[in-house]
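Engineer: the sequence and its predicted three-dimensional model are supplied below.
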Amino acid sequence: QVQLVESGGGLVQAGGSLRLSCAVSGLTFAAYAMGWFRQAPGKEREFVAWISWRAGATSYPDSVKGRFTISRDNAKNLVSLQMNSLQPEDTAVYYCAAARNRFSARATMPQDFGSWGQGTQVTVSS
C-alpha cells in the first residue's frame, strides 16, 4: 500500500519561509519522480514543483521559480519543498505526489501522478 504523508505546513507572515516534507512508503521511491501541487479554495489543483527520480532535474512554474526548491533523499524516502519569500497568494493546501510510472519524464499535470498525500495547509498572512 502506497502512503505519502506531508508535514510542515502552518501559518507564516508574508516574506517568511516554510519547509514541507513528504514521507513515502509502499513503493520503490528511488524509481519515481515526485511532485508538489497546491490547491486554494475554489481553484483547480496547481503544479508547484517536480523532481526527477534521480534528483538530477527539477522543474517549477514561473509563479514559484526562484522562491521554492524541491529536493529528495532517496535513502530516507523523503521529498521536501523549501518555500521562501512566501506571499498571501501562496496560501493553499499543498500535496505531494508520486509519478504514475517508474522512471517517468518531466510531468506537471495531476493525471501524470498516481499516488497522493492527504495535504498540508499553508497559510500566508499579509
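Structural biologist: Sure thing, it's come through.

Engineer: for the residue nearest in space to the middle of the chain, helix, strand, or coil?
Structural biologist: Taking C-alpha atoms, centre = their mean, the centroid of the chain lies closest to residue 36, which sits 2.1 Å from it. Applying DSSP: H, G, I helix; E, B strand; the rest coil to residue 36 yields a three-state assignment of strand.

Engineer: next: the one 5 residues further on.
Structural biologist: Going by three-state DSSP, the secondary structure assigned to residue 41 is coil.

Engineer: how much space between it and residue 91?
Structural biologist: Distance from residue 41 to residue 91, counting by C-beta to C-beta, to the nearest Å: 9 Å. Backbone N, C-alpha and C define where each C-beta goes, glycine included.

Engineer: same thing with residue 81?
Structural biologist: Where residue 91 is concerned, residue 81 sits at a distance of 15 Å (C-beta to C-beta).

Engineer: looking at the two, which is more packed in?
Structural biologist: residue 81 (27 against 18; other C-beta atoms under 10 Å).

Engineer: quick check: closest non-adjacent residue to the more buried one.
Structural biologist: Nearest residue to residue 81, sequence neighbours excluded (C-beta to C-beta, 6 or more residues apart in numbering): residue 20, at 4.3 Å.

Engineer: return the per-residue confidence for the residue nearest to residue 26 when sequence neighbours are not counted.
Structural biologist: Spatial nearest neighbour of residue 26, chain neighbours left out: residue 2 (3.9 Å); criterion: C-beta to C-beta, 6+ apart. Listed pLDDT for residue 2 reads 96.

Engineer: noted, bye for now.
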